[in-house]
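Undergrad: sequence plus predicted model, see below.
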There are 2 protein chains.
Amino acid sequence: MRAFRRTDSAGYMTNWVARLFAKVVDRQLKPHGLSSAHLPVMNALGDGSALSQKALVEIAAVEQPTMAATLARMERDNLVIRAPDPNDKRSSLFSLTEHGLEKFQNAQRVFLDINAQALIGLTETEKKQYLEMLLRVGKSLEKLAD
Amino acid sequence: MRAFRRTDSAGYMTNWVARLFAKVVDRQLKPHGLSSAHLPVMNALGDGSALSQKALVEIAAVEQPTMAATLARMERDNLVIRAPDPNDKRSSLFSLTEHGLEKFQNAQRVFLDINAQALIGLTETEKKQYLEMLLRVGKSLEKLAD
DNA sequence: AAATCATATATAGTATGCAATGTATTTATT
DNA sequence: AATAAATACATTGCATACTATATATGATTT
């Protein structure tokens, strides 16, 4: 079996672009004390919601221990607070602190801007196709992961 | 600024698909004692080449300390060996061990198969478009990262 | 040849991600 | 109600990735 070019492999290419996204986002968020893993959490809590770890796990589509660690760091950095869930003693409800809410405004702007810059070489039609294909590929991979 | 859906963001979606790729690949490679980060290295060395860390950094498009750690683990696991570069005392040349070469055969098959499965929902034309768009988005992001 | 600059790698520190497993609480079954 | 099963979360261990920085060697300049 002959070696293949990286640009011929969807796995390599997707990983490459994802790392570039994260690198650029993290560099620009760092001065704000934020990072890419905070974004799905802040986005979910940005309207003032108080959500459980489990809900955030589903929203961010990461494994539970990953979200636990992210929330622990965000709590440490005063971006979120944890309150006991009155209906379930196993669970806590997370919400943004005031500081977290302020930071979320910046984060949102930075992230949307980088997304726009990244897609600058695609037409409007292609942008939709790009997102739609990612969704289809992701769903195929989710089946493989079950 | 209103919250956006994850499926509308190229950054989220690319990251999501990349993590799914890695998860599936890593699960299937684990029984072979391999992982996704080994693939670009094995692919580069699979023809018997002996390459420096620097060359592998460029091929895999990761930062130098990342490749250093990956090579250290691969060396520990007897997948690659390190030999002094006769032309430059700062540098070593890495090549696959016999064990690494055997494993590479399996890895290659597993990886190509997962790639094919992931793209099963795309037409042949779309597969090319997917790769081509990733390349364009990646190049835009590389500019942002400079 | 000595001093300077550049290059290749190493190391420390941290974040993000996964798998595997343990614990407390809740829900379902008998 | 007691027991069993399911659920929510915590914890441990490790891999992969980044930034920042240090060290050794090589190349260039003076």
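TA: Sure thing, it's come through. Residues are numbered from 1 along each chain as shown, chains lettered A, B, ... in the order given.
Undergrad: excluding its backbone neighbours, what's nearest the spatially most central residue of chain A?
TA: For chain A, A:P40 is the residue whose C-alpha lies nearest the centre (CA atoms, centre = their mean; 4.2 Å). Computed as CB to CB, 6 or more residues apart in numbering or on different chains, the closest residue to A:P40 that is not its neighbour in sequence is A:A60, at 3.9 Å. Backbone N, C-alpha and C define where each C-beta goes, glycine included.
Undergrad: one step back: which residues touch the one helix or strand the residue nearest to the centre of chain A maps to?
TA: Following DSSP states H and E, one finds A:P40 within helix A:38-45. Residues outside helix A:38-45 that contact it (CB atoms under 8 Å, 6 or more residues apart in numbering or on different chains): A:25, A:29, A:34, A:51, A:55-56, A:59-60, A:67, A:70-71, A:74, A:79-80, A:94-96, A:100, A:103-104, A:107-108, A:111, B:3-4, B:6, B:12.
Undergrad: switch to 6 Å and redo it
TA: The contact list for helix A:38-45 (CB atoms under 6 Å, 6 or more residues apart in numbering or on different chains) reads A:L56, A:I59, A:A60, A:S95, A:L96, A:F104, A:A107, A:F111, B:A3.
Undergrad: any bit of it sitting next to DNA strand C?
TA: Yes. For helix A:38-45 and DNA strand C, the contact criterion (CB under 7 Å from any atom of the strand) is met by A:H38.
Undergrad: so for that helix, mean pLDDT?
TA: In this model, helix A:38-45 has a mean pLDDT of 97.
Undergrad: helix or strand next in line after it, which one?
TA: Past helix A:38-45, the next helix or strand by DSSP H and E is strand A:51-52.
Undergrad: direction included, what does that next one pair against?
TA: strand A:92-96 (antiparallel) (DSSP bridges).
Undergrad: off-centre distance for the strand it pairs with?
TA: Chain-centre distance of strand A:92-96: 17 Å, with CA atoms, centre = their mean, to the nearest Å.
Undergrad: so which bits of that strand are buried?
TA: A:S92, A:L93, A:F94, A:L96 (16 or more other CB atoms under 10 Å in any protein chain shown).
Undergrad: which of those come close to DNA strand D?
TA: A:S92.
Undergrad: may I ask which two of the buried residues of strand A:92-96 are separated the most?
TA: A:S92 and A:L96 (14.2 Å; CB to CB).
Undergrad: residue ranges with poor pLDDT in chain A?
TA: In the predicted model, chain A carries pLDDT under 70 at residues A:1-4.
Undergrad: the helix or strand encompassing A:F21 to helix A:38-45, inter-axis angle?
TA: Here A:F21, judged by DSSP H and E, is contained in helix A:10-29. Helix A:10-29 and helix A:38-45 are oriented at 70 degrees to each other (axes from the mean of the first three to the mean of the last three CA atoms, to 10 degrees).
Undergrad: any idea how far A:L101 lies from A:V80?
TA: Counting by CB to CB, to the nearest Å, the separation of A:L101 from A:V80 is 10 Å.
Undergrad: ugh, wrong one, I meant A:M133
TA: Counting by CB to CB, the gap from A:M133 to A:V80 is 33 Å.
Undergrad: the two: which is more packed in?
TA: A:V80 (25 against 22; other CB atoms under 10 Å in any protein chain shown).
Undergrad: was I right to think that one contacts A:R73?
TA: No. Counting by CB atoms under 6 Å, A:V80 sits too far from A:R73 to count as a contact (9.6 Å).
Undergrad: helix or strand: which one has the closest residue to A:E126 other than its chain neighbours?
TA: Spatially, and ignoring its direct neighbours in sequence, A:E126 is nearest to B:M133 (6.3 Å; CB to CB, 6+ apart). According to DSSP H and E, B:M133 maps onto helix B:124-145.
Undergrad: got the CA positions of that helix in CSV?
TA: What follows is helix B:124-145, C-alpha atoms only, in CSV (Å, rounded to 0.1, in the frame of the first residue of the first chain):
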residue,chain,number,x,y,z
GLU,B,124,-17.3,11.7,-5.6
THR,B,125,-17.6,15.3,-6.6
GLU,B,126,-18.4,16.4,-3.1
LYS,B,127,-15.4,14.4,-1.6
LYS,B,128,-13.1,16.4,-3.8
GLN,B,129,-14.9,19.7,-2.9
TYR,B,130,-14.6,18.8,0.8
LEU,B,131,-10.8,18.4,0.6
GLU,B,132,-10.4,21.4,-1.6
MET,B,133,-12.4,23.6,0.6
LEU,B,134,-10.5,22.5,3.7
LEU,B,135,-7.3,23.4,1.8
ARG,B,136,-8.6,26.8,1.1
VAL,B,137,-9.8,27.4,4.6
GLY,B,138,-6.5,26.1,6.0
LYS,B,139,-4.5,28.5,3.8
SER,B,140,-6.6,31.5,5.0
LEU,B,141,-6.1,30.4,8.6
GLU,B,142,-2.4,30.0,8.0
LYS,B,143,-2.3,33.7,7.0
LEU,B,144,-4.1,34.7,10.2
ALA,B,145,-1.6,32.6,12.2
